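A.B. asks: Here is a sequence with its predicted model. Questions after.
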Amino acid sequence: MSTYGGWGQGEDEEEVVWQPARLLKTRAWLVGGRDDAAIEAVYRHRGALREVLAAVGCTLALEADLVRVYNPAPPLSARLPEGGSAQGVWFWLAVGALESLPARVRLGQVAAAARAGAAEIELPVTQSRVELSAFAAGLRRLCGCGVLEELEGRVEALVDGEEDPPVLLKVHHTRLLHLLPRGVPVDDWGQWAIDPAGDPAGWLAGLERPADAGLRVCAMLADQAVVHACDLDEDELRWLSDKGPTDGAALARSFGLTLEHRLEGAAWVMPQETYDERVAGRFRFPGRRRSDAGTVRHAALLLIDGLVSEGERGGVGAPGSGWCGMPKSWVVGRLGELARQHAWWSKDLRSDLPRLAEDVRGVLEPEADLLRVTGGFEEWWWLSPAAARWTVLSEQPPVPAQCGEVAKGMER
C-alpha cells in the first residue's frame, strides 16, 4: 500500500512539486501496484518535474506502470569502491542472466545462469557466504526496481546455501531496458565498450557527464550529502562562487531544500519544516542505535568531537581547507579510551579496537563522505569541515536527528 496519498495536490504547482521531485531524487524507480499514489502525483506535475530534474542532470521516463529517473553519472571525483563492488558485479551478472530466462523462474535457475555468466568473464565462483550475500543484495536491488517480483519466498534464501531454494520469481523483461543509465559508451559494433560486470569502476568512469559546469555542480548538490570544494575543478568552483548563492539556492527550493554555502563547499539541507523521513535518502547519520551498529555510530560521533578539538588543521596531506586530521594510531587510542567509558558498547568491538576503527571508517568515509584517509608511513584520518555539525551530540547515544542527518540518493 502506498504511503504517498495526497502528494502533489494544491492550487500552486510550484509549492507542491517539491514533494514528488524530492521523492524522485531518492527513489529512481516507481512501480505500479506499489507506488500508485506517487506515480499519479508525478503524472499530474510531469511538465514541471521534467524541468526541475533536467536542472540537476536527470531525465524522466514515464510508462503506464513505471516511472524511471535517469540520474547523471557520478562525478569523476567520486570515490568508487576499491577493487570494484561485489554486489555490483553480481547485480550485472543477474541482469545478463534474466534476459534469456522465462517470465516465471525459480531462484536456483537465476543463480545457475548468473554463475555461468561469471565463468564467461573468468570470475571465480566460491559460493561463500560473502559472495552469496552480495548476489542476494543485487537481486534485492532488482526487486526494488520492479524488474523482479517475489511470487513465493524471498531472494535472501540464497544465502542459506541451498542449490535450489523454494523461491519463485517473476521477471518483468521490458523493465530490463531501463536498468542502463543514459550515455553508456559503446564500441563500433554497438556493444558496451567496458563490461560493467568485469570492470564496474571503469564502466562508471566512462559514462558521459554534463558539459556545463553549473549543471555538474547542481547534480552533485542534489545527489551528495556534501559537495566539497576540494573535489571541484576550476570551472565548477567559479560557478559555485559566482552563481551558487542565487541559482543554486533557487534550485534547492524546487526540492523543498535550502542551500548552505561555505568556503569549504556547499550542501542542500532539508529544513525542519519540510523534513520527511520517507524521502531522506538511503543512508542516515547518526541513525538509530541497534547492537553493534549503535556502537559504531556512537563511536563515530565521539571520534568527530576528538578530531575537531584536537586534530591538525591543514597540512601537506589534508584534502582541502578546513579539514582536520590525526594519525590512525591516535584514532585507535582514542577509541580505546572511549570503549572504557561506555560499558554498553558491543563487547566484541570493545575488545577489538582495530576492527572498531575500520567499522567507524566504513560509516564516515564511503557513505557519509565526512572522512578521507591518506596513506604514507602511517595512515592519516582527515575529517571534513562539515562534520562539525555533529559535535554537540558528543555525550549522547545516537538517535534520529531530523536536522543533522546526512541523506544521500539511491540509484543510477
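C.D. replies: Nice, thanks for sending it over. Residues are numbered from 1 along each chain as shown.
A.B. asks: Residues contacting stretch 300-310, please?
C.D. replies: With C-beta atoms under 8 Å, 6 or more residues apart in numbering as the test, stretch 300-310 has contacts from 285-286, 324-326, 331, 334-335, 338, 360, 363-364, 370, 381, 383, 387-388, 390-391, 393-394, 398. Placement of C-beta: from N, CA and C, glycine included.
A.B. asks: Make a ChimeraX selection of whichever of the residues you listed turn out to be buried.
C.D. replies: Buried subset of the contacts of stretch 300-310, written as a ChimeraX selection, criterion 16 or more other C-beta atoms under 10 Å:
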select :285,286,324,325,326,331,334,335,338,360,363,364,370,381,383,387,388,390,393,398
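A.B. asks: buried sites along stretch 87-107?
C.D. replies: By 16+ other C-beta under 10 Å, the buried positions in stretch 87-107 come out as 87-98, 101, 105-107.
A.B. asks: Moving C-terminal from the helix ranked longest in the chain, which element do we reach first?
C.D. replies: The single longest helix within the chain, with elements called by DSSP state H, is helix 291-310. Next along the chain after helix 291-310, taking DSSP states H and E as the criterion, comes strand 312-313.
A.B. asks: Identify the residues contacting stretch 164-183?
C.D. replies: By C-beta under 8 Å, 6+ apart, stretch 164-183 touches 29, 59, 61, 66, 68, 70-71, 73, 95, 98-99, 101-108, 110, 145-155, 157-158, 207-209, 412.
A.B. asks: on that earlier part again, go through the contacts of stretch 300-310 and flag which are in helices.
C.D. replies: Checking those against DSSP H, those in helices are 331, 334-335, 338, 360.
A.B. asks: now, which of these sits nearest G33?
C.D. replies: Closest approach to G33 among the ones in helices among the contacts of stretch 300-310 (C-beta to C-beta): V360, at 40.4 Å.
A.B. asks: so that closest one touches P286, yeah?
C.D. replies: No. Contact criterion C-beta atoms under 8 Å: V360 and P286 do not qualify, at 11.6 Å.
A.B. asks: Count the neighbours of the nearest residue to A111 once chain neighbours are set aside for me.
C.D. replies: Leaving aside its sequence neighbours, A111 sits nearest to L158 (C-beta to C-beta, 6 or more residues apart in numbering; 6.4 Å). Look at L158: counted by other C-beta atoms under 10 Å, it has 22 neighbours.
A.B. asks: What is the end-to-end distance of stretch 36-56?
C.D. replies: Taking C-alpha to C-alpha, to the nearest Å as the measure, stretch 36-56 stretches 25 Å from start to finish.
A.B. asks: before we move on, the earlier item: the longest helix of the chain: which residues count as buried?
C.D. replies: Neighbour-count burial for helix 291-310 flags 294-308 (criterion: 16+ other C-beta under 10 Å).
A.B. asks: next one: stretch 252-271
C.D. replies: 252, 254-257, 259, 264-270.
A.B. asks: Pipe those residues into CSV and attach secondary structure, pLDDT and distance to S128 per row.
C.D. replies: Output for the buried residues of stretch 252-271, formatted as CSV (DSSP: H, G, I helix; E, B strand; the rest coil; pLDDT from 0 to 100; distance: C-beta to C-beta, whole Å):
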residue, secondary structure, pLDDT, distance to S128
A252, helix, 94, 44
S254, helix, 92, 46
F255, coil, 92, 41
G256, coil, 89, 44
L257, coil, 91, 42
L259, strand, 95, 46
E264, coil, 91, 42
G265, strand, 93, 40
A266, strand, 94, 42
A267, strand, 93, 39
W268, strand, 92, 40
V269, strand, 89, 41
M270, coil, 87, 39
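A.B. asks: Can you tell me which of those is nearest G47?
C.D. replies: Closest to G47, out of all of the buried residues of stretch 252-271 and judged by C-beta to C-beta, is S254, at 13.3 Å.
A.B. asks: Tell me how many other residues surround the closest residue to that closest one other than its chain neighbours.
C.D. replies: Among residues not flanking S254 along the chain, V52 sits closest, at 4.6 Å (C-beta to C-beta, 6+ apart). Look at V52: counted by other C-beta under 10 Å, it has 24 neighbours.
A.B. asks: Please compute how far the helix or strand containing V52 lies from its chain's middle.
C.D. replies: Under the criterion of DSSP H and E, V52 resides in helix 46-54. For helix 46-54, the separation from the chain centroid amounts to 22 Å (computed by C-alpha atoms, centre = their mean, to the nearest Å).
A.B. asks: what comes up buried for it?
C.D. replies: 48-49, 52-53.
A.B. asks: Show me the strands in this structure, by range?
C.D. replies: Secondary structure of the chain (DSSP state E): strands located at 29-31, 59-63, 66-70, 104-106, 148-152, 168-171, 227-228, 258-262, 265-269, 312-313, 324-327, 371-374, 380-383.
A.B. asks: Pairing partners for the fourth one, with directions?
C.D. replies: In the sheet containing strand 104-106, its partner strands are strand 168-171 (antiparallel), by DSSP bridges.
A.B. asks: how about the strand it pairs with: buried residues?
C.D. replies: Buried, per 16+ other C-beta under 10 Å, within strand 168-171: 169, 171.
A.B. asks: swap in stretch 349-356?
C.D. replies: For stretch 349-356, by 16+ other C-beta under 10 Å, it's 349-350, 353, 356.
A.B. asks: and which of those residues is nearest D242?
C.D. replies: The closest of the buried residues of stretch 349-356 to D242 turns out to be L356 (C-beta to C-beta; 44.0 Å).
A.B. asks: I'd say the closest one and T295 touch.
C.D. replies: Yes. Applying C-beta under 8 Å, one finds L356 in contact with T295, separated by 7.5 Å.
A.B. asks: Now for those two: what residues contact both?
C.D. replies: Residues touching both L356 and T295 (C-beta under 8 Å, 6+ apart): 349-350.
A.B. asks: show me where pLDDT drops low in the chain?
C.D. replies: Applying pLDDT under 70 to the chain picks out residues 1-15, 78-86, 183-201, 203, 280-282, 287-293, 392-412.
A.B. asks: Which parts of the stretch 101-250 of the chain are helices?
C.D. replies: Counting by DSSP state H, counting those that start in this stretch, the stretch 101-250 of the chain has helices at residues 107-120, 129-144, 200-205, 213-223, 234-242, 249-254.
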